[in-house]
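Peer 1: output the structure for:
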Amino acid sequence: MKIGDVRSTTRTSRVAGKKSVSGGQATPSPASPVDQVVLMGIPSAELTPKVRSALMTLMAEVQELRTELRGVRARVSDLEELADRDPLLDIFNRRAFVRELDRVLAMIDRYGVRASLIFVDLNDLKKINDGKGHAAGDAALGLVAEVITANIRQTDAVGRLGGDEFGVLLLQSDQEQAKKKAQRLSDALAGRIVNWRDGAFGIGISWGAVEIVKGVSAEQAMEHADSAMYKAKRSRNSTRS
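Peer 2: Next comes the predicted model:
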């Protein structure tokens, strides 16, 4: 006879072996508390004290490992977020911005979503750094990031692409809408002042805006916006002279 059969027979006899006082018929007796306890799939009644102790220790260790794993995952998530942020400004760095751009390009290719890209350049950052120090230049960059972030939607994205350049990714926007947004950003920054220890100073930006077309890569889209920005910058400089 198999062990499983013996266990089944024993449990059946427990139920059928008790009769009622009045009718003489067998009535099931309630299962004992010991029978109702199952530890890791094994009824408690079948465990020796040593096995029970070992299983309880193992279960405690598993729970501790689960807690540690949750902590590690939370830490990894924090590190991933830090890896996506610019070390100076609270916006995407270039790597994270390109990843967002790749995601939008996939949506354009698959669903025909419209999106545009703005390239922003902080004017005269080198002059600010040379004349007032790099800390003043950092403050100017921080103001640009602050104004852009405050004037875009949650579905949009902004990132620092390097040095004095920023990228702004606009979902559900064609080129004309992107140009209007870029001009509003420029106007908002033109009215802001950087308060600095040796005197406040104003800042300005140059920008270029393009609609992202189907089939281009992230680098190609950025090159198109970059070219539009430099064209606008050359035009501004020639007007000054």
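Peer 1: which residues in the chain form helices?
Peer 2: When secondary structure is read from DSSP state H, the chain shows helices at 3-16, 33-36, 49-84, 94-111, 125-132, 134-150, 175-190, 218-240.
Peer 1: nearest to Glu211, out of those?
Peer 2: Judged by C-beta to C-beta, the one of those that comes nearest to Glu211 is helix 175-190, at 4.0 Å. From N, CA and C alone the C-beta is placed, and that goes for glycine too.
Peer 1: quick one: that closest one to helix 218-240, angle?
Peer 2: 60 degrees (axes from the mean of the first three to the mean of the last three C-alpha atoms, to 10 degrees).
Peer 1: show me the contact partners of helix 175-190.
Peer 2: For helix 175-190, contacts defined as C-beta atoms under 8 Å, 6 or more residues apart in numbering pick out 116-118, 120, 143-144, 147-148, 151-152, 168, 170, 173, 202-205, 207-211.
Peer 1: coming back round to it: can you list the helices of the chain in CSV and add mean pLDDT?
Peer 2: Written out in CSV, the entries for the helices of the chain read as follows (pLDDT from 0 to 100):
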stretch, mean pLDDT
helix 3-16, 40
helix 33-36, 42
helix 49-84, 77
helix 94-111, 96
helix 125-132, 95
helix 134-150, 97
helix 175-190, 96
helix 218-240, 87
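Peer 1: dump the residue contacts of Val210.
Peer 2: Remark: with contacts taken as C-beta under 8 Å, 6+ apart, Val210 is in contact with 116-117, 175, 178, 221, 224-225, 228.
Peer 1: and those as CSV, adding distance to Ala106 and neighbour count?
Peer 2: Conversion of these to CSV gives the following (distance: C-beta to C-beta, whole Å; neighbours: other C-beta atoms under 10 Å):
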residue, distance to Ala106, neighbour count
Ser116, 16, 26
Leu117, 15, 25
Gln175, 20, 16
Ala178, 20, 24
Ala221, 13, 25
His224, 18, 19
Ala225, 18, 26
Ala228, 23, 21
